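Asker: Structure for this input, please:
(one chain, ligands or ions: 2)
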Amino acid sequence: MKALTENISLRPYNSFGIDAKARWFGSFSDVEQLASLLPSDSGHRTFILGGGSNILLTRDFDGIVFKNEIKGITEVHEDEEHVYIKVGAGENWHEFVLHCLHRNWAGVENLALIPGNVGASPMQNIGAYGVELAEVFWNLEAFHIKDKKAVTFTLSDCDFGYRDSVFKNKYRDQFAILNVTFRLRKKPIYHTSYGAIQQELEKMEVRELSIHAIAKAVISIRSSKLPDPKVVGNAGSFFKNPEVTQSKFELLKAQFPDIVAYSLVNGNYKIAAGWMIEHTGPRAERRGQPSLSWKGFREGDAGVHPKQALVLVNYGNATGKSIYDLSERIMKSVEEKFDVILEREVNVI
Ligand code: FAD
Ligand code: EPU
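Answerer: Ligands and ions are numbered 1, 2, ... in the order given. The predicted structure is shown next:
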């Protein structure tokens, strides 16, 4: 039986590369192992860790960190149009995407190269380049940590939204997701409406569209603008793109004609937070001063990525607190200049 280790550094386990400690740490590769590692008294805080690519550790974790290492990719069902694939939570997301591409199973090609593990993918309903996890999700099995029993969640149980689910809200830290079943298409429906994909496909001189071409285009765009966590610590977009009403958008547009926004089906607008962060800066915090840009800003080892202002970075030895403090300053100056409140996407611990 696996045991818990005491006082270990979580630095190798988070893509921000933050050096914080876990009081106890253990990994599990099936639900029985998880159950056997859980302490009999319920007084301990627990945290389920995947690939660590969407967390910011602002302090040592005085509880038990459980690293989910459940593996396995199995075809569980098939009908005329779909295959149903059950995947262990500890499988790497991009490896799973490659597995699907190899077998011509369509649906996850736009989600290529997203870091992290399959078990975390429902947590914030991962999304990129016009597709969200919810579109391929069938169900998942999760283990309730306090009640010690497994529960199945269907699509409607998960209450998926933009970078959101029940697991991020009312069930936060209550369940360990064990596996996710995806419903993938035998015949693809292509999603190429996201502008940058079209341009990239043209650049690649693709004559016949395929899920492979789309994945290649997505990988190329992502590699050109998002920093590789192996080179510089980061957790992808630090903030969500905020949604505003049409009247608020019109006010913003009148004042900032170049502002980047997308209309939504409910009549609201999603504003590109990266644009707002690029178009305000540290000096804007002092009233009356002309504004510099946060983009490329660096203080100590905490900074804002020079190519993508939505991504905060750790150049080496930043503390989680210094990254968090920088995020507070950015939120304050965006609110002052645009009267828009940013929300963090990253899970702050
Ligand atoms: P972790 O960081 O380990 O955990 C994240 C949260 O999920 C934590 O609260 C954790 O407790 C919980 N969790 C993890 N596993 C489980 C489980 N098995 N059961 C219950 N709870 C669990 N995200 C996007 O949506 N779209 C993108 O395009 C995108 N691009 C990114 C680019 C870069 C360079 C980086 C670094 C990150 C990006 N992300 C993106 C964010 C991140 O990749 C995703 O959120 C991913 O799903 C996180 O997976 P993880 O395994 O690393 O989760
Ligand atoms: N922009 C700027 N300056 C910047 C960054 C962006 O002006 O520094 C403007 C540009 O006009 C650009 C637009 O914002 O065209 C959108 O930028 P981008 O295409 O890079 O996407 P994003 O809105 O910044 C979102 C997701 C990403 C996802 C991409 C592609 C959120 C919070 N982020 O980023 O997801 O990969 O779209 O779909 O929704 C993540 O969640 O971690 C993540 C990386």
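Asker: need the contact list for the closest residue to ligand 2 within the stretch 51-200 of the chain.
Answerer: For the stretch 51-200 of the chain and ligand 2, the shortest gap (C-beta to the nearest ligand atom) falls at Ala128, measuring 3.8 Å. Glycine gets a C-beta too; all of them are placed from N, C-alpha and C. By C-beta atoms under 8 Å, 6 or more residues apart in numbering, the contact set of Ala128 is 110-111, 114, 218, 222.
Asker: and it, how far is that from Gly50?
Answerer: Look at Ala128 and Gly50: by C-beta to C-beta, to the nearest Å, they are 17 Å apart.
Asker: okay if I get the contacts of Ala128 as a markdown table plus distance to Leu155, neighbour count and pLDDT?
Answerer: Below are the contacts of Ala128 laid out as a markdown table (distance: C-beta to C-beta, whole Å; neighbours: other C-beta atoms under 10 Å; pLDDT from 0 to 100):
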| residue | distance to Leu155 | neighbour count | pLDDT |
| --- | --- | --- | --- |
| Asn110 | 19 | 24 | 98 |
| Leu111 | 17 | 24 | 98 |
| Ile114 | 20 | 23 | 98 |
| Val218 | 24 | 25 | 98 |
| Arg222 | 27 | 17 | 96 |
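Asker: Return the alpha-carbon coordinates of the lengthiest helix in the chain using PDB.
Answerer: Longest helix in the chain, counting residues (DSSP state H): helix 320-338. The C-alpha trace of helix 320-338 is given here as PDB (Å, rounded to 0.1, in the frame of the first residue of the first chain):
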ATOM      1  CA  GLY A 320       3.000  32.700  -5.400                       C
ATOM      2  CA  LYS A 321       2.200  35.800  -3.300                       C
ATOM      3  CA  SER A 322       4.200  38.200  -5.600                       C
ATOM      4  CA  ILE A 323       2.300  36.800  -8.600                       C
ATOM      5  CA  TYR A 324      -1.000  37.200  -6.700                       C
ATOM      6  CA  ASP A 325      -0.100  40.700  -5.700                       C
ATOM      7  CA  LEU A 326       0.700  41.600  -9.400                       C
ATOM      8  CA  SER A 327      -2.700  40.200 -10.400                       C
ATOM      9  CA  GLU A 328      -4.400  42.400  -7.800                       C
ATOM     10  CA  ARG A 329      -2.600  45.500  -9.200                       C
ATOM     11  CA  ILE A 330      -3.700  44.500 -12.800                       C
ATOM     12  CA  MET A 331      -7.300  44.000 -11.700                       C
ATOM     13  CA  LYS A 332      -7.300  47.400 -10.000                       C
ATOM     14  CA  SER A 333      -5.900  49.300 -12.900                       C
ATOM     15  CA  VAL A 334      -8.300  47.600 -15.400                       C
ATOM     16  CA  GLU A 335     -11.200  48.500 -13.200                       C
ATOM     17  CA  GLU A 336     -10.000  52.100 -12.900                       C
ATOM     18  CA  LYS A 337      -9.500  52.600 -16.600                       C
ATOM     19  CA  PHE A 338     -12.400  50.500 -18.000                       C
END
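Asker: Do any residues in that helix lie close to ligand 2?
Answerer: No - judged by C-beta under 6 Å from any ligand atom, helix 320-338 and ligand 2 are separated, with a smallest distance of 12.0 Å.
Asker: Quick one: mean pLDDT over that helix.
Answerer: Mean pLDDT, helix 320-338: 97.
Asker: same thing with stretch 195-203?
Answerer: Mean pLDDT, stretch 195-203: 91.
Asker: what about the helices in the stretch 1-150 of the chain?
Answerer: With helices called from DSSP state H, counting those that start in this stretch, the stretch 1-150 of the chain shows them at 31-37, 93-102.
Asker: Having no further points to raise, I will conclude here.
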